[in-house]
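>>> Here is my input, please return the structure:
(one chain, ligands or ions: 1)
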Amino acid sequence: MASPEKARVPPAVQTPIPPITKFKIGLCQLKVSADKEKNILHARTAVEEAAEKGAKLVVLPEIWNSPYSNDSFPVYAEDIDAGFDASPSTAMLSEIARRLNITIIGGSIPERSGDKLYNTCCVFGPDGKLKAKHRKIHLFDIDIPGKITFKESMTLTAGETPTTVDTEVGRIGIGICYDIRFQELAMLYAARGAQLICYPGAFNMTTGPLHWELLQKSRAVDNQLYVATCSPARDAAAGYVAWGHSTLVGPFGEILATTEHDEAILISEIDYSQIELRRTNLPLEKQRRGDLYRLVDVQRLDSE
Ligand SMILES: O=C(O)CCC(=O)C(=O)O
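Numbering: from 1, shown residues only. Predicted structure coming up:
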């Protein structure tokens, strides 16, 4: 007897989700107070507002849940790896990323891990899961007598790992503030395929006016990718006075959005096709003289 013809089940269609090329980014330049609970609520409201305005990626400032000071870091630090009960700041970020279906570059908070403290940025995806954790690699130790002296290394330990993360809104490299000064890190991220580098950062009244915009444009134009920064708003009465001026720079070095020093939620559009365009216009990568000089990816060498 002929076997009954099997029902034909069409094969599951495995079409990859087309990578997003255009989306809105929100930069939340926030006031930071000494009240952690208030800071968390405030950040939550700002992220909600950015998402309401269409942002699929929202960026918070460096050290947004605590005053920026060596005295505060140990007091406000959270044990991120111990779970959300031990870390109300990241619990909020996770919950809101999931509820709003967005990606969050969670600025940075002081992190406690064993007996060490780090300045740490957490990235959450729309499923609320922690996708990456970047510990500031270059600690901000500066001494310009009569202007600014600050030594993060008095309390913090430097991170050991450059961070690129694949998100719903592209491949993103993460740096925190002083990390922006080290062009090799940005070059490494570009070599690893980053389309955007996010630097939560709190420059100051001495270096901010001269270097903040210059460094962002340099990282963007040298690497032909997007650079986004997010600073706390300025509080002239604080121990550390932030420069503000959160900004989005495009791959041709163009400022796409910026602000002064007050609180602000900047919404702007990122269009990754601009990266290809600029790399076609000016094919730096092809013209680079790898026969004369080369950036070595130490982590790749180690893993080989
Ligand atoms: O590099 C600078 O001038 C400022 C860096 C900074 O404020 C920081 O890393 O927190």
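>>> Would you mind naming what in the stretch 51-200 of the chain lies close to the ligand?
140, 177-178, 181 (Cβ under 6 Å from any ligand atom). Quick note: C-beta positions are derived from backbone N, CA and C, even for glycine.
>>> Can you give me the neighbour number for R300?
11 (other Cβ atoms under 10 Å).
>>> cool, and E48?
15.
>>> quick one: it and I96 touch, right?
Yes. Shown here, E48 and I96 form a contact pair, counting by Cβ atoms under 8 Å, at 7.0 Å.
>>> coming back round to it: got a markdown table for the residues of the stretch 51-200 of the chain next to the ligand, with secondary structure and neighbour count too?
Below are those laid out as a markdown table (DSSP: H, G, I helix; E, B strand; the rest coil; neighbours: other Cβ atoms under 10 Å):
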| residue | secondary structure | neighbour count |
| --- | --- | --- |
| F140 | coil | 24 |
| C177 | helix | 26 |
| Y178 | helix | 23 |
| R181 | helix | 16 |
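>>> Closest one of these to T149?
F140 (11.0 Å; Cβ to Cβ).
>>> So what does that closest one have for phi and psi?
Main-chain dihedrals, F140, degrees, to the nearest 10: phi -90, psi 100.
>>> mind checking which helix or strand A132 is in?
Under the criterion of DSSP states H and E, A132 resides in strand 130-135.
>>> after that strand comes which helix or strand?
strand 141-144.
>>> all helices for the stretch 1-150 of the chain, in order.
36-52, 72-76, 88-100 (DSSP state H, counting those that start in this stretch).
>>> Contacts only, for the closest residue to S94 other than its chain neighbours.
Using Cβ to Cβ, 6 or more residues apart in numbering and skipping the chain neighbours, the partner closest in space to S94 is G128 (4.4 Å). By Cβ atoms under 8 Å, 6 or more residues apart in numbering, G128 lies in contact with 94-95, 97-98.
>>> do K217 as well
By Cβ under 8 Å, 6+ apart, K217 lies in contact with 227, 249, 253, 255.
>>> Tell me the backbone dihedrals of it, please.
phi -60, psi -40.
>>> give me the beta-bridge partners of the residue most central in space within the chain?
Centroid-nearest residue in the chain, with Cα atoms, centre = their mean: C198, separated by 3.4 Å. On the basis of DSSP bridges, C198 is bridged to I174, A228.
>>> so it touches R171, yeah?
No. Assessed by Cβ under 8 Å, C198 is found out of contact with R171, at 11.5 Å.
>>> where do the contact lists of the two overlap?
Jointly contacting C198 and R171 under the rule Cβ under 8 Å, 6+ apart is no residue at all.
>>> of the contacts of G128, buried ones?
94, 97 (16 or more other Cβ atoms under 10 Å).
>>> Pull the most distant pair out of the contacts of G128.
Top of the distance list for those (Cβ to Cβ): E95 and A97, 7.4 Å.
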